[in-house]
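Chemist: any chance you could fold what I've pasted below:
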Amino acid sequence: MRPLAPASVHPPVARYSHAFEIPPGARLILCAGQVGMAPDGTVPEGIEAQAEQCFRNIAGILAEGGMTLRDVVRLNVFLVRREDYAPLSAIRDRHIGTPPPASTLLFVAGLAHPNLLVEIEVTAARVA
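Modeler: Next up, the predicted model:
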């Protein structure tokens with residue numbers, strides 16, 4: 001995989017890549033949005049606990065497909081509260097590799113469950 005950073009585009013304003021080129025023959029995993037819900041259905045309080053659970057859920061899905069969080073090339077984050085951006089970013093940065101994936105962050109009015117604060121979807125790729 002190759003991150004794309006053309007000089008004709010403003011550099012990223014945070015820790016992300018503008019795009020990734022995926023070579024022919026690479027395996028892909030497209031992961032639906034994961035929320036901070038534990039396997040037993042409980043939702044922990046606070047953005048830190050929910051974000052950590054999101055990444056545990058994503059890591060488990062990727063492991064099922066023979067990949068890890070280091071294989072993530074695209075990350076979309078949906079946050080309910082603007083003030084959760086900084087703590088979520090710190091947690092994200094601990095879990096993602098270098099170079100960082102292409103990334104989009106959206107602030108939304110709500111998620112599927114009223115106690116959810118964050119949802120994260122990823123695309124992972126690995127050369128076969």
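
Chemist: look at residue 83 and tell me its secondary structure.
Modeler: helix (DSSP: H, G, I helix; E, B strand; the rest coil).

Chemist: give the contact list for the residue most central in space within the chain.
Modeler: For the chain, residue 75 is the residue whose C-alpha lies nearest the centre (C-alpha atoms, centre = their mean; 3.8 Å). Counting by C-beta atoms under 8 Å, 6 or more residues apart in numbering, residue 75 makes contact with 16, 92, 96, 101, 102, 103, 104, 120, 121, 122. No exception for glycine: its C-beta is placed from N, CA and C like everyone else's.

Chemist: again, only this time at 10 Å
Modeler: By C-beta atoms under 10 Å, 6 or more residues apart in numbering, the residues touching residue 75 are 16-17, 31, 58, 69, 92, 95-96, 100-105, 120-124.

Chemist: and these, which are buried?
Modeler: 16-17, 31, 58, 69, 92, 95-96, 100-103, 120-124 (16 or more other C-beta atoms under 10 Å).

Chemist: which stretches in the protein count as helices?
Modeler: 47-64, 85-95 (DSSP state H).

Chemist: could those go into a markdown table alongside distance to residue 38 and mean pLDDT?
Modeler: Formatted as a markdown table, the helices of the chain follow (distance: least, C-beta to C-beta, whole Å; pLDDT from 0 to 100):
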| stretch | distance to residue 38 | mean pLDDT |
| --- | --- | --- |
| helix 47-64 | 6 | 97 |
| helix 85-95 | 16 | 96 |
